[in-house]
Structure formats: C-alpha cells, structure tokens
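Asks: based on what follows, work out the 3D shape:
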Amino acid sequence: MSAKIRKIAVNVEETHIEIGREISPPTRKAVAVAVIENPFAGGYQEDLSALMDIGAELGTLLGDKCVQALGITPAQAESYGKSAMVGENGELEHAAAILHPKLGAPLRKAVEKGAALVASSKKMGSPGQVLDVPLGHKDAAYVRSHFDGIEVCLNDAPRANEIMVAVAVTDSGRPLPRVGGLTHEDAEGKDGLR
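Replies: Okay, here's the model as predicted:
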C-alpha cells in the first residue's frame, strides 16, 4: 500500500543571532511533513503492516526533502528525528506502526549512516495543533549539543481520518551549546552512543 498523501510541507529554520551573539555559520533545521490518509481510521485493525510499509516510503521521501531543503550532502546531516500525529478517528498505535518498524532505515540512508536511534514522538491531535519533533545526533546519542527539537503546525491537519508524519534533519547542533559532553567532532558513531 502506498501512502495517500494530501499535502506535503517543508520548512527550514535558521538561527543567525542568539542572546545577542552572532551565530556563524547559522544553525539550520529542516522539517518535512506529509499529511496522509489513515487507512485504518474508525476501526480496530490487528495487522498494521500496511502502515509499516508507508513508514518506509515516508522515511525516504521526507528524509530526502529535508536534506534537499538544507542544500547539504547526506553526509553533512548531523541530527534527525521523527514524529506523527494521528487524527481523532485513529489510534496512537497507527503512529507507532508508521514511525518504528521501517521508517528509520530509509531515513538513515537519506542522511548517510545514522548509527544512533532516531528520536521520536507520537500523539493524537486535531487541525492546527503543534507537533513537536525531537532531535538527536544521528551517529552518537551522547552528543548533548544536538539534543533539540523543532515544531510543525498545519492549520488544516490532521483531519479526523488522517495522520501527519514529520521528519526533521539538521546540519548542526543548538546555537551556543555549552553543557559539555561528547562533541560532534569527537563522535565515532560506531555504537550509536559515542
């Protein structure tokens, strides 16, 4: 089953000044969101494999859109995250089916490597509600400078029978990081932690 996509939106956020200090180069985050029909809205479905397959499809589509929006090569991506909001006729398990079993592998391909788990969140929601997408370093979960997030909001999504699926990618960590820990430059990316 392919996703029935009603809408795709892509947003890039650049931070040039933080607390009066110039950020050079600016930190940049991209988020791509697809609003899709929920094929299982309104009733219980035991087998959610169709949504898992949609997750794989969206991992590629949305990951590629983020990398393209940032104008970087996949290797230049530094962090990533994923999130989904299910409309009122769906259930949280629909978001889980999209996000967890199959979305990660194609997203990792879109950002080249990705040894660390992909930060994620899921929620029920309605049109115009904010969806937070958590972010973490793509190769080393202990890189604290990349613990972050970005939000996305579409005034007409998700409708009752829809799911809003978002992927975020960055080319840097937070502006002015100073809470210590492993740095991006020192991360090895072998075990997904360090």
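
Asks: neighbours of residue 194, just the number please.
Replies: 16 (other C-beta atoms under 10 Å). Glycine gets a C-beta too; all of them are placed from N, C-alpha and C.

Asks: ok so residue 151 is a strand residue?
Replies: Yes: assessed with DSSP: H, G, I helix; E, B strand; the rest coil, residue 151 lies in a strand.

Asks: contacting residues for it?
Replies: Residues near residue 151 by C-beta atoms under 8 Å, 6 or more residues apart in numbering: 130, 131, 132, 133.

Asks: compare the residues you listed and tell me which has the most neighbours.
Replies: Neighbour-wise, those (other C-beta under 10 Å) top out at residue 133, 25 neighbours.

Asks: for that one, list the residues it contacts.
Replies: 31, 81, 82, 83, 121, 149, 150, 151, 152, 166, 167, 168 are the contacts of residue 133 under C-beta under 8 Å, 6+ apart.

Asks: buried subset of the residues you listed, written for ChimeraX?
Replies: To isolate the buried ones among the contacts of residue 133 in ChimeraX, judged by 16 or more other C-beta atoms under 10 Å, type:
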select :31,81,82,83,121,149,150,152,166,167,168
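
Asks: what about the helices in the protein?
Replies: Using DSSP state H, the helices of the chain run over 49-70, 92-99, 104-110.

Asks: this completes my enquiry, with thanks.
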